[in-house]
Each structure stands twice: as C-alpha cells, then as structure tokens.
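[1] okay, here's the prediction I keep looking at, along with the sequence it came from:
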Amino acid sequence: MSLPWVTAINDADVLAKIYGPIRAGLAQVEDLLRLHLLDGKPHFRRLLEHGIQLGGKRLRPAVVLLAGQVCGQLRQEHFFMGAVVELIHTATLVHDDVLDGAQHRRHLQTVNFRWDTETSILLGDYLFTIAIEMAAQLRDQEISSLVSRAGRKLCEGELRQICERGNFDLTEEEYLQIIEAKTAELYACSAELGAYLARAEEPVRQALSRFGRKVGIAFQIIDDVLDIAGDEQVAGKSLGTDLLKRKATLPVIRLLQMAPAGVREDLRQRLRHASPDDLHGLRMEIAQSDALDYSRQRARQYVEEAIRELTGLPENAALLGLKALAEYVLSRNR
C-alpha cells in the first residue's frame, strides 16, 4: 500500500529514517482506519473519506510504532492503537478548524467550509467515539486509562486556551502549560502506548512518554511560528488565525516581553482588536523582532531534551526513526 502523507516531508533521508522501519505497520494502521470508519457507512462515506485525509503525516501513529519497535516486537495492538491516536488527532483538527474559522487544511477544504459547522462538530465527536470504542475493544484498563487521560487533558488545554483569549499578559510558562495539554499530551500518550504494548520496563516507558511530551511541545511552538511566518501555499492551510482569534502564542509573548515599555500597551491594544486588515502589519512586526528566532530556539531546546530521553535505548532503526521525527518537527514548513 502507498503512504500518501509522506510526500509532506520533502527530505528523502528524513522520510526514510522515520517511516522506513515501520512502513508495513503504518499500512496496517491505514487499513484499520478505513475498516473502522468506512465499512458499512454508505450514507456519509464521502464525509468520512474527506475527514480521514485531514490528519496529514500520521506522526502520532509513527510514534506509537517506533516506540514499540525500539523496545521490542510490534504486535497487532500497536497498529490498533496507532489508528486510535490518529482518530483522536483528526477529531481535534476538525474541531480546531471550527474554532479558528479555517477554510483549508492539507490543501483541502475544511469540513466546516465544505459542509457546515454542525457537520464538523458531529464528525469530530464521531471520530472521538470511534477511537474510544476501538481502545475499549482491547479490554486493557491501562490502555483505556492512558487514552481517556489524554483526551481529557487535550480538551482541558483547548478550553484553557479559549478562556485565555485576549489575555496578552499570559506568561511563557502559562503558554507552555496550555500547549503541553492540548498538543503534547497526545504525543506522550502515543509514545507510552508503544512502550507499554511492547512490555517495556517502567523506566523505559516513562522516558519514552517524556520524549513524546517534549516533541509535542516543540511541535506546537513551531506550529505557532508557522501561523505567523508560514506560507499558506506551502502549508496548505489557513494561517494567521491565532492573531485573529487573539491567542497569546509564544512569538506574541516574546514580542510583548521585549517591546519598550512605551509601546507595549499600544501593541496589546492592537493585538486585542486584530482584524484581517491588521494581520499583515502585525505579522511583519513580529517577524522584524527576535520573537520568531527565540521561539524556534525554544523548540530546539525541547527537541534536544527529547532526544536525551532516548539515551540507553537499543541502537536500532526505530531509535534513529524517533530521533529523525524529533528533528523533523523543527524543520517542517507545514
């Protein structure tokens, strides 16, 4: 089976390191996604086919499989849980596009733009419930606990971010707490599931969980950088939505932190009342400061810490894949 999402990673060497050791396993994940989503559902198959394409590069299933393989042999449960974490991730994207009013993702129209808000909300809910049902089928309390905790944390992070909209006094530490919950928790869960299903010892399991968490934090920081400095044609999705939704992401926090006292309040007011007409000016102002470089450097620090968590694990292709995935998080442009 072909893996169409890998074209989103342009560097052939990186692609081979990440996906090469687990290509057959990812094909099984894809088969499971289609089996559990599409079979016997002719009435809304077109909607589900569209939704399944929005998840992108299948990084979270890759983390499950690579973490499992670095610890030992992959089992059928690994492929099953790879599908589960991808369903959860896709559900969050469908809901995020509603919250952000986004029109495009992965060079496709978002569900809310192509259909409507009601369809998007129900589709996201449906994907979540399929994921929970699949996880429950394994009849393993630890798996159910990991997945349900990740889902709860994810929702808590999103809710906190909504409650903090327009709060441009948000600190970097508070921002990191939000993204650790809304993004990094699912990466941590994916890595821990991979280790748990491979029957890894507890210290290894927790090290891989920390690896996933730190990679996830770096991933979201870079995502927030790209929302300001990215190219929509390359990214294939709507950008600038964070500024329009008055989110205090790390580049904005840094901009305000380093701004002279005399202009800081004026900046806050402009950010609080950002409109599409202001978007270009605000993005340029952030780009001309050190905010983007600072944010990229903070992401780099998290990736370096994540890779250090892998110390002592077997030197095999899966370990190289985890390291390559962590490095890719920094270099991606979509």
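    Looks like it came in fine. Residues are numbered from 1 along each chain as shown.

[2] nearest residue to residue 205 other than its sequence neighbours?
    Leaving aside its sequence neighbours, residue 205 sits nearest to residue 195 (CB to CB, 6 or more residues apart in numbering; 4.2 Å). In short, each C-beta sits where N, CA and C put it, glycine included.

[3] my guess is that neighbour meets residue 69, correct?
    No: contact criterion CB atoms under 8 Å: residue 195 and residue 69 do not qualify, at 10.4 Å.

[4] ok, these two, which is more surrounded?
    residue 195 (26 against 23; other CB atoms under 10 Å).

[5] need the three-state assignment for that one.
    In three-state terms, and counting by DSSP: H, G, I helix; E, B strand; the rest coil, residue 195 is helix.

[6] and the pLDDT for it?
    Among the per-residue scores, residue 195 holds a pLDDT of 98.

[7] so what's it up against?
    Listed by CB atoms under 8 Å, 6 or more residues apart in numbering, the contact set of residue 195 reads 67, 68, 71, 204, 205, 208, 209.

[8] what's the nearest residue to the second one if we skip its chain neighbours?
    Just to be clear, that refers to residue 68. residue 194 (3.8 Å).

[9] residue 275 versus the one you found, what's the distance?
    44 Å (CB to CB, to the nearest Å).

[10] residue 34 reaches residue 51, doesn't it?
    No: judged on CB under 8 Å, residue 34 makes no contact with residue 51 at a distance of 11.8 Å.

[11] where do the strands sit along the stretch 51-200 of the chain?
    104-105, 108-109 (DSSP state E, counting those that start in this stretch).

[12] ranked by average pLDDT, which of the ones you listed falls at the bottom?
    strand 104-105 has the lowest average pLDDT among the strands of the stretch 51-200 of the chain, namely a mean of 66.

[13] what stretches of the stretch 101-250 of the chain score poorly on pLDDT?
    The stretch 101-250 of the chain contains residues with pLDDT under 70 at 104-107, 232-239.

[14] try it again at 90.
    Of all residues in the stretch 101-250 of the chain, those with pLDDT under 90 make up the ranges 101-124, 126, 227, 229-242, 244-245.

[15] max pairwise distance over the contacts of residue 195: which two?
    Farthest-apart pair in those is 68 and 209; separation 13.2 Å (CB to CB).

[16] quick check: buried residues in stretch 303-319?
    303, 305, 306, 307, 309, 310, 313, 318, 319 (16 or more other CB atoms under 10 Å).

[17] thought the last one was touching residue 311?
    No: checked against CB under 8 Å, the pair residue 319 and residue 311 is beyond contact range at 10.3 Å.
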